[in-house]
Every structure is written in C-alpha cells, then in structure tokens.
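J.: Here is my input; please provide its structure:
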Amino acid sequence: MAGILIQWYDFICFGIVGIAMFGALYVLCCCKIKQQRYQTLIDDHNIISRHEILLPLQGCDQSSLSPSAVEIGSFSSSCWRGIHPVWLLATRFVSLVVLCIFLTWDVLLYNYSIFVYYTEWTFTLLIVYFAIGTIISAYGCVRYYSNKLAPRPGDTADHEIDNKAKTNKSMFKLQGQYYNEDTVPQRASFWSYVLQISYQTCAGSVILTDIVFWFIILPYSSNSHLQLNLLMGGMHSLNIIFLLIDTCLNTLPLPWSGLAYFVLWSCCYVIFQWLIHACGLIWWPYPFLELSTPWAPLWYFCLAVFHLPCYGIYWLLVAFKNSTFSTLFPQAFVRHSC
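T.: Predicted structure coming up:
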C-alpha cells in the first residue's frame, strides 16, 4: 500500500475489523432467516380475516421483524394516543432543516474534505434518516386524512374473539388491534426499511461521536478544527437532541440486532480511512486510528468493544421511555418493544 507502511501488528488491526464485519453480517443473516420463518408461518395460517388477528407469535419480539412485515403506519405514527401524525412530520422536517443548515455551514467553512471525519458521516446519515422520515410521515398524514390507514396497536380496546381464535390462543397473543373484514394492513416499503436501518445505526453512532468529541478529543486534541465553537458544539449536541426528540415520538423498535448495522457502519468508515491513506493521505483525522504505532491493535480493540456500551446506552434510553411512560401515562402511551 503506497501511502501506508505495513507492520506486523497492523494485520491484527485488519483482523479486528474483519472479525467485526463478519460477525455483524452473521447476526443479520440469522435475523433474516428468523424473519423469513416468521413470515412463512404467518402466510401459511392466513391470519388476517374477519375473526382473526395479526399479531406476533408468542416468544417472538416484534422488534426483530423485518420492516416488510410491519405496517407502514408504524413508521409515520406517534407512540402517543391522541397526537396527530402531523406533529411527528413537523418534528422530523424541522430537524432535517436545522441539520442541513449546520452541515452546509460546515462544508462551506472547511470544504468537502471535511467528510474524512466520522462526525460528518454520522451527521449525514442522520440527515438521511430525517429526510426519509419526513417523506414517510407526509405519506402517513395523507393516508390518515383519507382514512385508509389501519389502526395502530393499542389504539382500540381489546375485542372479544370467537371460538376459532381461542383455539389459537397458545400460538397467538392478543395485543389490542382489531382488523375489520377485508382490511389488510399495508406492508412497509423499501424506504421504510432504510429508515429503520438508519435509525438503529444512528442510535449508536451518535452516542459514539458525542462521547469521543466531548470526553476525548475536546480536552486533549490540539487540532484547530476540533476546538469548541458554535458549529462544533451544535454538530455534537443537536444530533443527539433531535434524535431523542424523535425517539420520544416515534414507534420504531431498537432491537439489539441493530448493533450489527452500527458496527458495519463504523467498519466501512475505518476501511475508507485505510483506502485514502493507501492512496497517499498522510494525516489521520483521529490519532487512535493510526496504523504506524505498536499500540494500534489495542486502540482498535478498545474501539470495537466500545460500540457495545454506545449502542447499549441508547437501547437503555428507549427501554426507559417504554417502561416509564407506560407506567406514568398508561392511557396515553402505546408501549412498543425495544
């Protein structure tokens, strides 16, 4: 590699990233197989009818389902009963506009070379999330006004089921959603799938970005670009603020399997750094990614392990939201799985 002098310990770094990538892909493949089995079982039993209810199987976490098996209303509606979908649309649109302003400011000030930083990668992904979320929310509002959107889980009281449904009690669990005859919920689209993946990726990467900036880079770095100012402070605070506001309103699940997307995202960034340095780039945006030091394997291992608590912090925030709000506001909050 022309721009990198390879040492023996660098192969350990390559191995750490490679193992992380293949491990993440293995987790996603296992989840995909489970989702296909679940969908096959659903299709075989032809659950949607006048007297039957489409619900997750006992022992199956709905959050582990592919978005293709989830109603599109779940991506455009709020977890709060009585809150109009337009509020989620407005929140996502305002977040999108503000984040775009800050990213444009960043690019105009430092040019496009700023995208060598992980912060800009995550910030751009967050903009993509809010852009897709805004479009899906707008579509959901249109369906809401046209009265074509099926009711969300928890929006209506439990209904009495007949003897046929009772015979399936051991297989299916009633969670409060009733479908009228010939009412089939519309499956989520490809972009809803992208929305959920970007949400789960941002959940970990935003936490990682802000922790590294506020607790590692800012106190110890001498890089003038990374000094605290309105731009840097905004980019490393508004990202988590807007994402948390959206989390308080949306119904998107955050399963532990989403950690795999977060790991893949970071691995792609590290590989990108290797490639541009192989092409001749000399300086590293983050010193702990340098391959020229014998301590590089330790740094890479610590960074790999650090992904777990970063994603775990946001998972705990979502779990806290579900447990606390459902206890304090049982009539207003619709609890969903993490």
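J.: Quick one: mean pLDDT over the helix ranked longest in the chain.
T.: Among the elements of the chain assigned as helix by DSSP state H, the one spanning the most residues is helix 10-45. Here helix 10-45 scores 87 as its mean pLDDT.
J.: For that helix, which helices and strands make contact with it?
T.: helix 259-278, helix 296-328 (3 or more Cβ pairs under 8 Å, 6 or more residues apart in numbering; DSSP states H and E). All C-beta atoms are positioned from the backbone trio N, CA, C, and that covers glycine.
J.: Those helices: which one's closest to I216?
T.: Closest of the helices and strands packed on helix 10-45 to I216 is helix 296-328, at 10.5 Å (criterion: Cβ to Cβ).
J.: name the helices or strands packed onto the closest one?
T.: Packing partners of helix 296-328 (3+ Cβ pairs under 8 Å, 6+ apart): helix 10-45, helix 190-212, helix 238-249, helix 259-278.
J.: Next, the angle helix 259-278 makes with the longest one.
T.: So that's helix 10-45. For helix 10-45 against helix 259-278, the angle by axes from the mean of the first three to the mean of the last three Cα atoms, to 10 degrees is 140 degrees.
J.: Check the third one too.
T.: Helix 238-249 and helix 259-278 meet at an angle of 160 degrees, taking the same axes, to 10 degrees as the criterion.
J.: How far off centre is helix 238-249?
T.: Computed by Cα atoms, centre = their mean, to the nearest Å, the chain-centroid distance of helix 238-249 equals 12 Å.
J.: what's it packed up against?
T.: helix 85-110, helix 118-145, helix 190-212, helix 296-328.
J.: circling back: in the longest helix of the chain, which residues are buried?
T.: 10, 13-14, 16-17, 20-21, 24, 27-28, 31, 34-35, 38, 42 (16 or more other Cβ atoms under 10 Å).
J.: Which of those residues sits closest to W315?
T.: Relative to W315, the closest of the buried residues of helix 10-45 is V27; by Cβ to Cβ it sits at 14.9 Å.
J.: Which helix or strand in the protein has the lowest average pLDDT?
T.: helix 163-167 (a mean of 45; mean pLDDT, DSSP states H and E).
J.: So which of the buried residues of helix 10-45 is the closest to I136?
T.: Looking across those and measuring by Cβ to Cβ, the closest to I136 is Q35, at 20.4 Å.
J.: dump the residue contacts of V86.
T.: The contact partners of V86, by Cβ atoms under 8 Å, 6 or more residues apart in numbering, come to C141.
J.: ok so, going back, ranking the helices and strands packed on helix 10-45 by burial, who's on top?
T.: Highest mean neighbour count of the helices and strands packed on helix 10-45: helix 259-278, a mean of 19 (counted as mean count of other Cβ atoms under 10 Å).
J.: circling back: for H336, which of the helices and strands packed on helix 238-249 is the nearest?
T.: Comparing the helices and strands packed on helix 238-249 by Cβ to Cβ, helix 296-328 comes nearest, at 6.6 Å.
J.: quick check: angle from that closest one to helix 238-249?
T.: 40 degrees.
J.: Tell me what angle helix 296-328 forms with helix 190-212.
T.: Helix 296-328 and helix 190-212 meet at an angle of 110 degrees, taking the same axes, to 10 degrees as the criterion.
J.: How far away from the center of its chain is helix 296-328?
T.: Offset of helix 296-328 from its chain centre (Cα atoms, centre = their mean): 12 Å.
J.: Could you do stretch 223-242 as well?
T.: 21 Å.
J.: before we move on, what about stretch 244-256?
T.: With Cα atoms, centre = their mean as the basis, stretch 244-256 stands 8 Å off its chain's centre.
J.: Same check on stretch 222-240?
T.: 23 Å.
J.: Turn the helices and strands packed on helix 238-249 into a markdown table, columns for distance to S222.
T.: Listed next are the helices and strands packed on helix 238-249 as a markdown table, based on distance: least, Cβ to Cβ, whole Å:
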| stretch | distance to S222 |
| --- | --- |
| helix 85-110 | 17 |
| helix 118-145 | 17 |
| helix 190-212 | 16 |
| helix 296-328 | 19 |
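J.: Which one, of the ones you listed, ends up nearest to L5?
T.: Going by Cβ to Cβ, the one of those nearest L5 is helix 296-328, 12.1 Å.
J.: now the stretch 51-200 of the chain, which segments are flagged as low pLDDT?
T.: 51-74, 147-188 (pLDDT under 70).
J.: that older thread, quick one: which of the helices and strands packed on helix 238-249 is nearest I245?
T.: Closest to I245 of the helices and strands packed on helix 238-249 is helix 85-110 (Cβ to Cβ; 6.1 Å).
J.: Could I get the buried residue list for the closest one?
T.: Neighbour count says helix 85-110 has 85-86, 88-89, 91-93, 95-96, 98-99, 102-103, 106 buried, by 16+ other Cβ under 10 Å.
J.: and the angle for it with helix 118-145?
T.: Using the same axes, to 10 degrees: helix 85-110 against helix 118-145 is 150 degrees.
J.: Just give me how far helix 85-110 sits from the chain centre.
T.: 18 Å.
J.: Over to stretch 206-214?
T.: Remark: stretch 206-214 is offset 16 Å from the chain centroid, using Cα atoms, centre = their mean.
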